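A.B. asks: please find the sequence and the predicted model below.
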Amino acid sequence: MKPILTIFTPTYNRAYILHQLYNSLCEQNNLNFIWLIVDDGSTDNTRELINKWLEEKKLSIKYIYQPNQGKHIAWNTAIDKCTTELFYPVDSDDYLLSNAVENIYDEEKYIKDKNIIGILGLKITKDREPLGKKNLPCKIKYISLSELYEKYKFKGETSLVFKSGILKNYLFPKIKGEKFIGEEYVYCQIDRHYKYYLTNKTYYIAEYLQDGYTSNMHRLIANNPRGYMLTKYKKLQNSTTLKVKYKSATLYIVGAWLCNEKHYIKKSPNKFITILAFPLAILVYFKRFYIIKNK
């Protein structure tokens, strides 16, 4: 049977841990998927490692190498090259439970509606603990990310499976001199038009390493400020609650200061809230970024 699922993994110099994900994929109850690896300019032995796996022929692997441009551009490349109906991002330092693919195939029937973009589940730690302080709402079948976090006050990490055809309409911008834009840039735009099927099954295990994006977030933002500003611009533009708009405006201002954007108020999608957010933006900037920018 032709696979309907692509598992996408962006990687950069992660040969030392990528085998963990490979082994978990080999152990899947259902092997009917494509593992699409976009190597974002690795200088370690990633290519040699993947060539070895290609020779083993345990999985259907598609390997793409590109010059180092950032995870978000690797995402764009993967979306462009994806040939299956479903697209499942799994980071190179994470791995899956053995029933993950099987569960996705079982739940695919719940996302046939054109207004549903995919499946939303939880990430857990290697100790099988939830990455969050609150459970998913148990009586809701379909939900957007903004509803999950804003209405139901969920605090945690989600695992998302997407319809690839829809994702092709939501790509990341390429910004000269920058190599990072958070997934929120895409997610907040998707939320305006689509919802996810909320599953109570968990099949994604997350590891947060010292060289990962999460542990270096503030420095990443400082080094890629225009992408951060654009992300918060989109969040301010698409948010539906005053609280989230105010927070987004605050961080939009911080991003503008980091990249020396002088006309951020004029360009803001909500000038009034942006002006109101100015005092808080000062506090956030000095607390999170002043030392980083002046080292």
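C.D. replies: The structure has been received and is ready for your questions.

A.B. asks: strands of this structure, start to end?
C.D. replies: In the chain, the strands defined using DSSP state E lie at 5-11, 34-40, 60-66, 86-89, 95-96, 116-124, 142-143, 158-163, 195-205.

A.B. asks: direction included, what does the first one pair against?
C.D. replies: Think strand 5-11. strand 34-40 (parallel), strand 86-89 (parallel) (DSSP bridges).

A.B. asks: what does the average pLDDT come to for the shortest one?
C.D. replies: In this model, strand 86-89 has a mean pLDDT of 98.

A.B. asks: rewinding a little: between the strands paired with strand 5-11, which one is nearest to residue 252?
C.D. replies: Across those, residue 252 has its closest neighbour in strand 86-89 (25.4 Å, CB to CB). To be clear about C-beta, it is placed using only N, CA and C from the backbone, and glycine gets the same treatment.

A.B. asks: how far does that closest one sit from its chain's centre?
C.D. replies: Distance of strand 86-89 from its chain centroid, counting by CA atoms, centre = their mean, to the nearest Å, is 11 Å.

A.B. asks: the strands paired with strand 5-11 into CSV, with extra columns for distance to residue 114?
C.D. replies: Output for these, formatted as CSV (distance: least, CB to CB, whole Å):
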stretch, distance to residue 114
strand 34-40, 24
strand 86-89, 15
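
A.B. asks: of all the strands of the chain, which lies closest to residue 50?
C.D. replies: strand 60-66 (5.0 Å).

A.B. asks: and the closest one, what does it pack onto?
C.D. replies: Using 3 or more CB pairs under 8 Å, 6 or more residues apart in numbering; DSSP states H and E, the elements in contact with strand 60-66 are strand 34-40, helix 46-56, helix 71-81.

A.B. asks: quick check: angle from it to strand 5-11?
C.D. replies: 40 degrees (axes from the mean of the first three to the mean of the last three CA atoms, to 10 degrees).
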